[in-house]
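Novice: structure for the following, please:
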Amino acid sequence: MSNASAIAAVTATLQAILGTEITSDPNLNDTTVTALPLDKARGSITTNQLNLFLYQVLPNAAWRNMDMPKTVRPGETGMSPMALDLRYLITAFGRENDTSQPFDHHLLGKAMSVLYDHALLGPEEIQTAFPGSGLESQPDRVRITLQPLSLEDISKLWMGFATQYRVSAGYDVSVTLIDSTQPVKTPLPVLARGPQDKGWNSQASIVPTIPTLSCVMPLNQQPSARLGDTLTLTGLNLDGTNLGVLFNHPLWTAPVEVAPSPGAGATQLTVQVPNQPAVWPAGFYTVAVLVQRAGETFRRTTNQLALSLAPTVSIVPASAPAGSITYTATSSPQVWPGQIVSLLLGNLEIAATPFTTQTGTLTFAASNLTSGSYYFRLRIDGVDSLLVNRAVTPPIFDSTQQVTVT
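Specialist: Down below sits the predicted model:
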């Protein structure tokens, strides 16, 4: 793993990459890449120069207090690696400090281009630039990200070194992991459990012992059910007497119990959604099973699962000239006051004309429609009418849910 020289390895690798790539440019082949404090950077150098200054070291939040993978096993205790983010400032100095030709701008642009293309430090690059650090074998890659610096931050940096500002850019280099030198505490394995070596072979089970629902499946793998559909409920320990399926909807004042179809077993039962358009609104329901197990005098209630009930819809006119069109939709089940209703026409969503009473007929005013064929869906409280026919392979659109604009 990485040792204490990991920070130096990052700096050396950045220097090596920048030096190799920048000097390949014929206009910048005299560039020197240094890693000096800002007040010492320029010194006596008169050629093009790029300075790489590590100005801040911060803890990395993602890796903080996380065990190093493959070094600490369950039951063992070890020190987390020291995870660091390194903040660098790269500064460009033009040849002979000549301001008539912006060599420093050219140099900075080239350096930023190199770092952009080397967003991840490769293990071979680290090993070549600074062998022996172990940084190349750490479990996470070292990433280079441009770090925007505010005018205040830049001013503080340069004023702290009492030197004149030169064009610069900030970078965040993370993560650098330095492994702890503290040994991992490894306890001996347990030979047996339980008094007098009894119970050592007992095993816990994740299978519940009480009635539990695991899935509610509408017909034909549809995402929603419709009135009159048969639902398949699967789970565990569903066998018993006095069976019932409990449905609940936010608009109801109390849940509704429906008797399941004959032939229920321990892991599966079926139930038909009553075809009562005025009673069962479209939208989201919760479903649970009531069952009295053998030897018990009360009914148990399983966990609740979600079920969406989709409307069945038809609209008129089926064909109309382009422009503004008012569509009338007939919905089953009926729509209740307070429900949010819209018509999805192609990629357009059209809100329903306001209504105050429970109704099965809705109007939608569409404007600026152009010629073409449009598939439509009725959306009630977030549940769409079933446009896709999944009873065939491959699935197809339901041709009855289509209108034409001429």
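Novice: hey, let's count contacts and neighbours off CA atoms from now on
Specialist: Will do.
Novice: looks like residue 213 contacts residue 304 (just checking).
Specialist: Yes - counting by C-alpha atoms under 8 Å, residue 213 does reach residue 304; the two are 7.3 Å apart.
Novice: more neighbours, the two?
Specialist: Shown here are residue 213 and residue 304; by other C-alpha atoms under 10 Å, residue 213 has more neighbours (22 against 19).
Novice: from residue 210, how far off is the nearest residue to the more buried one once chain neighbours are set aside?
Specialist: Take residue 213 and drop its neighbours on the chain: the residue closest to it by C-alpha to C-alpha, 6 or more residues apart in numbering is residue 235, 4.3 Å away. As for residue 235, its distance to residue 210 is 10 Å (criterion: C-alpha to C-alpha, to the nearest Å).
Novice: before we move on, back to that, who touches both of residue 213 and residue 304?
Specialist: Common neighbours of residue 213 and residue 304, using C-alpha atoms under 8 Å, 6 or more residues apart in numbering, are residue 288.
Novice: so where's the chain uncertain?
Specialist: Along the chain, segments meeting pLDDT under 70 span 1, 67-78, 97-101, 183-204.
Novice: for this structure, which helix is longest?
Specialist: Ordering each helix of the chain by length in residues (DSSP state H) puts helix 6-22 first.
Novice: elements contacting it?
Specialist: Judged by 3 or more C-alpha pairs under 8 Å, 6 or more residues apart in numbering; DSSP states H and E, helix 6-22 is in contact with strand 32-34, strand 49-59, helix 103-117, helix 123-129, strand 168-178.
Novice: ok, and for that helix, which residues are buried?
Specialist: Using 16 or more other C-alpha atoms under 10 Å as the test for burial, helix 6-22 gives 6-7, 9-19, 21-22.
Novice: equivalent analysis for stretch 133-150, please.
Specialist: Buried, per 16+ other C-alpha under 10 Å, within stretch 133-150: 133, 134, 135, 136, 138, 141, 142, 143, 144, 145, 146.
Novice: how long is it end to end?
Specialist: Note: stretch 133-150 ends 33 Å apart using C-alpha to C-alpha.
Novice: heads up, I number from 28, so please use that
Specialist: With the count now opening at 28, the last piece we talked about shows up as stretch 160-177.
Novice: contacts for that stretch next, please.
Specialist: Against stretch 160-177 from outside (C-alpha under 8 Å, 6+ apart): 28-33, 36, 96, 142-143, 145-151, 153-154, 196-204.
Novice: from these, list the buried ones, please.
Specialist: For the contacts of stretch 160-177, buried by 16+ other C-alpha under 10 Å: 28-31, 33, 36, 142, 145, 148, 153-154, 196-204.
Novice: from the buried residues of stretch 160-177, which land in strands?
Specialist: 169, 170, 171, 172, 173 (DSSP state E).
Novice: what's the helix or strand for residue 371?
Specialist: In the assignment (DSSP states H and E), residue 371 maps to strand 368-372.
Novice: hey, C-alpha coordinates of that strand in PDB?
Specialist: The C-alpha coordinates for strand 368-372 follow below in PDB (Å, rounded to 0.1, in the frame of the first residue of the first chain):
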ATOM      1  CA  VAL A 368     -56.000  14.100 -14.200                       C
ATOM      2  CA  SER A 369     -54.300  14.800 -17.500                       C
ATOM      3  CA  LEU A 370     -54.400  13.500 -21.100                       C
ATOM      4  CA  LEU A 371     -51.000  12.500 -22.600                       C
ATOM      5  CA  LEU A 372     -51.300  13.100 -26.300                       C
END
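Novice: now that strand: how far from the chain's centre is it?
Specialist: 28 Å (C-alpha atoms, centre = their mean, to the nearest Å).
Novice: tell me what it is packed against?
Specialist: For strand 368-372, the packing partners by 3+ C-alpha pairs under 8 Å, 6+ apart come out as strand 375-378, strand 399-407.
Novice: do you know which of those strands lies nearest residue 425?
Specialist: strand 399-407 (8.5 Å; C-alpha to C-alpha).
Novice: neighbours of residue 80, how many?
Specialist: Neighbours around residue 80, by other C-alpha under 10 Å: 19.
Novice: need the buried residues of stretch 160-177 in TSV (columns: distance to residue 371).
Specialist: Below are these laid out as TSV (distance: C-alpha to C-alpha, whole Å):
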residue	distance to residue 371
160	61
161	59
162	55
163	54
165	52
168	46
169	48
170	45
171	45
172	43
173	43
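Novice: out of those, who's nearest residue 75?
Specialist: Out of these, the member with the shortest distance to residue 75 (by C-alpha to C-alpha) is residue 173, at 22.3 Å.
Novice: and the closest one, how far is that from residue 137?
Specialist: From residue 173 across to residue 137, the span is 14 Å (C-alpha to C-alpha).
Novice: domains in this structure, by residue range?
Specialist: 33-205, 239-336, 339-432 (automatic domain parsing).
Novice: JSON lines for those, including distance to residue 232?
Specialist: Formatted as JSON lines, the domains of the chain follow (distance: least, C-alpha to C-alpha, whole Å):
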{"stretch": "domain 33-205", "distance to residue 232": "20"}
{"stretch": "domain 239-336", "distance to residue 232": "14"}
{"stretch": "domain 339-432", "distance to residue 232": "37"}
